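Colleague: Prediction below, plus the sequence it came from.
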Amino acid sequence: MTKTTGRSAFLSLLADEGIRYLFGNPGTTELPIMDALNQHPELTYVLGLQESTVVAMADGYARASNRLAACNVHVAPGLGNAIGSLYNARWYGSPMIITAGQQEQGHGLMEPLLYDPLVPIAQPMVKWAIEVTRFDDLPRIVRRAAKIATTPPTGPVFISLPGDILDAEGDIDLGRSTRVDAATRPSDAALAALARRLLAARNPVLIAGHELSTRTAWREAAALAELLGAPVFQQTCPYNAQFPSEHPAFLGALTRNQRQVRDALEPYDLLVCLGADVLRMSVYSPVDALPAGMPIVQICEREWELGKNYPAEIALNADVRETLAALLPVLHAQIDSERAAQSRRRLDELRTRNWSVQRERQREAARAAMEVKPIDPRCLMLRIVETLPADVVVVDEGLTTASALLSFLPLRDPSCYFGVASGGIGFGIAGAVGASLALPGRPVVAILGDGSAMYNIQALWTAARMKLPITYVIGNNSSYRILKERMVSLRGAERFIGMDMRDPPIDFVGLAQSMGVPAQRVTRADDIVPALKAGLASGGPSLIDAVVADGF
């Protein structure tokens, strides 16, 4: 038993669960925690200037570190501000403890300023939500929250912290941390059946999902592709670096256009989904993305994803790395020399049309437009990629401006790229702060749209305050181009209301400089190279406002 206060116990528990950074934006109900931080130098408080920014920073840290993150927001309005970023974290599966200070128990009955029950607000976005109502329960709740957040399928949890709990004092048992080993693999019988099904397919295709990154299963997935001679597509939503781009079997990412996906998958007779969302789309189409009658095999730790939209012939709820590691020897034992030779011939054929071949064609098209002004977005992406150092971490929320990015950017390790998971914007500019703290020593380049940058522009101040090596590149088309494109394609419209940011124009250089981030504006594709090199060489934050064509 330890004699302590609730506020100090809370911070001690976080530190013992492996938390190094506490991302936060404080208010009156968080003052006990802010006071207690003076006695806990093992924790670094990372100040964000709005709760959406705070949660996105913690989300970026959780994604890049693949470890538990923690953030603290301010009562009902603050938690409300955070919901959009919490939605993004939930879709990625980021292991996070989100806490909020709450009015003292009983005082809420008086409906003071800022009060509302917090658990119902958070509940739809988290794995578990609870309010601490007894001082003695605080350790059990924090320990349970950490366990739940880190147990696959991982995700955020929420704890409401009333002021009387934080200010309570007494003897308390802080308990110990628990981590659940969920690296399970299927039974031998299931593996044998899976191997037979894979070898029975004449022309299988693999979908690489984000669990290949979070479970570091690149090597095993690549070995499976080689053994089967199967092409590999990245899932439709590229949350992260899901497969090595330069592997001979890799054909690139599937789009979120149902007709295009259906056409891409039509030649194959078995869809093998490895830790992937299964053909997750965006807007409605009368065309189904899955070719009629195509059988599906799924390996996924997220039970909900198995057979969610399409029936799975084989559905294995297991760790993708452990499953593939156990499957490969079974396949080797069953495959004969004729099938092995056939796989080699397939790989040779894939080399004629894989991602590397496609990249060269894309490069030629981009170079042909290099002198166009405003900058062609393809040219901007090509010049950026040509300038990036080998150890860079790219955070991508460029949407239409960065649509060609993954056509040029080689994914070479599971931590080199993080993209949009939920479709909601605002993660990128703040998530880059968390990613930089999680991966010290690696430069971070965040590629953003001007619209998405404005959702959490306050993150620039935190990057400057902590002197983080982040170079922000904003593709500035002064509009919501994606909405204009959809107005044309879906509704045949030619006039756009509420989709331009031209009158007045946003001065991103001035905005960045006002928050302590050096910035410059570029209007030619070739000018991005010296600007990016200077930003990377500075060792601190910088911003490039790149004026790009809006397409209209």
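Modeller: Happy to help now that I have it. Numbers count the residues shown, from 1 in each chain.
Colleague: now what about the worst-scoring helix or strand of the chain on mean pLDDT, what contacts it?
Modeller: Using mean pLDDT, DSSP states H and E, helix 481-491 stands out as the lowest-scoring helix or strand of the chain, at a mean of 90. Helix 481-491 has contacts (Cβ atoms under 8 Å, 6 or more residues apart in numbering) with Val283, Leu399, Thr400, Thr401, Gly449, Ala493, Glu494, Phe496, Met499, Asp550, Gly551, Phe552. From N, CA and C alone the C-beta is placed, and that goes for glycine too.
Colleague: Now do that helix: distance to the chain's middle.
Modeller: In terms of Cα atoms, centre = their mean, to the nearest Å, the centre of helix 481-491 is found 25 Å from the chain centre.
Colleague: Give me the buried positions along that helix.
Modeller: Judged by neighbour count (16 or more other Cβ atoms under 10 Å), helix 481-491 contains these buried residues: Arg481, Ile482, Lys484, Met487.
Colleague: which residues sit in contact with Leu350?
Modeller: Gly229, Pro231, Pro248, Ala249, Leu251.
Colleague: Out of the residues you listed, list just those in strands.
Modeller: Among the contacts of Leu350, the residues falling in strands (DSSP state E) are Leu251.
Colleague: State the pLDDT value of Ala341.
Modeller: If you check Ala341, the pLDDT there is 96.
Colleague: Can you tell me the element it falls in?
Modeller: Element membership for Ala341 (DSSP states H and E) is helix 337-350.
Colleague: Could you work out the end-to-end span of stretch 18-25 for me?
Modeller: Chord length of stretch 18-25, first to last residue, is 21 Å (Cα to Cα, to the nearest Å).
Colleague: Would you mind extracting the C-alpha trace of stretch 425-436 into PDB?
Modeller: Provided in PDB are the C-alpha atoms of stretch 425-436 (Å, rounded to 0.1, in the frame of the first residue of the first chain):
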ATOM      1  CA  ILE A 425      -9.500  14.900 -41.900                       C
ATOM      2  CA  GLY A 426      -7.400  16.700 -39.400                       C
ATOM      3  CA  PHE A 427      -5.100  13.900 -38.300                       C
ATOM      4  CA  GLY A 428      -2.100  14.600 -40.500                       C
ATOM      5  CA  ILE A 429      -0.800  18.000 -39.300                       C
ATOM      6  CA  ALA A 430      -1.100  17.000 -35.600                       C
ATOM      7  CA  GLY A 431      -0.400  13.300 -36.000                       C
ATOM      8  CA  ALA A 432       3.000  14.200 -37.500                       C
ATOM      9  CA  VAL A 433       3.900  15.700 -34.000                       C
ATOM     10  CA  GLY A 434       3.100  12.300 -32.300                       C
ATOM     11  CA  ALA A 435       4.900  10.400 -35.000                       C
ATOM     12  CA  SER A 436       8.000  12.500 -34.600                       C
END
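Colleague: Quickly find the element holding the closest residue to Leu43 other than its chain neighbours.
Modeller: Excluding the flanking residues, the one nearest Leu43 by Cβ to Cβ, 6 or more residues apart in numbering is Leu22, at 5.3 Å. Using DSSP H and E, Leu22 maps to strand 21-24.
Colleague: What pairs with that strand, parallel or antiparallel?
Modeller: With DSSP bridges as the test, strand 21-24 is paired with strand 44-47 (parallel), strand 69-74 (parallel).
Colleague: List of residues touching that strand?
Modeller: Identification of contacts with strand 21-24 by Cβ under 8 Å, 6+ apart yields 11, 14, 30, 33, 37, 43-48, 54-55, 57-58, 61, 69-73, 434, 437.
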